[in-house]
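Enquirer: Here's my sequence, what's the structure:
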Amino acid sequence: QVQLVESGGGLVQAGDSLRLSCAASGRTFSPYAMGWSRQAPGKQRELVTEITSGGGTTYANSVKGRFTISRDNAKNAVYLQMNSLKPEDTAVYYCAARGYGDKEFTLWGQGTQVTVSS
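Expert: Here you go, the predicted model:
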């Protein structure tokens, strides 16, 4: 069984930076894509960004130019560098992965809280 474990969340002020990390543990697996989604209170979960095994990336318009995703395929790890954070970035951030042929994320971490104060 594979588990995704996030770390790096916390409370920061608007304009600050934060780096989230996610590592897979358990049996060996090679996901096609890994990424991050977030869910703010009272809102639906939304895709923030994902990166494929080949390095292709996708970003939500709301985070383009501020967030950067990176991946270490050898470690099955993914990272999210978040700069110029805004109060509207406040949410629980979930690490996720999907395999080849999967159109949506199928494996999820437990989530880490990011709170940005104004």
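
Enquirer: Make sure Leu20 is actually in contact with Tyr79.
Expert: Yes: Leu20 lies in contact with Tyr79 (CB atoms under 8 Å); the separation is 6.7 Å. The C-beta positions use only the backbone N, C-alpha and C, and glycine is treated the same way.

Enquirer: Those two: who's more crowded?
Expert: Between Leu20 and Tyr79, Leu20 has the larger neighbour count (other CB atoms under 10 Å), namely 23 against 19.

Enquirer: Give the buried residues for the host helix or strand of that one.
Expert: Assigned by DSSP states H and E, Leu20 falls within strand 18-26. Residues of strand 18-26 classed as buried under the neighbour-count rule (16 or more other CB atoms under 10 Å) are Leu18, Leu20, Ser21, Cys22, Ala23, Ala24.

Enquirer: Same question for stretch 85-104.
Expert: Quick answer for stretch 85-104 (16+ other CB under 10 Å): Leu85, Asp89, Thr90, Ala91, Val92, Tyr93, Tyr94, Cys95, Ala96, Ala97, Arg98.

Enquirer: Just these: which are in strands?
Expert: Judged by DSSP state E, the subset of those located in strands is Ala91, Val92, Tyr93, Tyr94, Cys95, Ala96, Ala97, Arg98.
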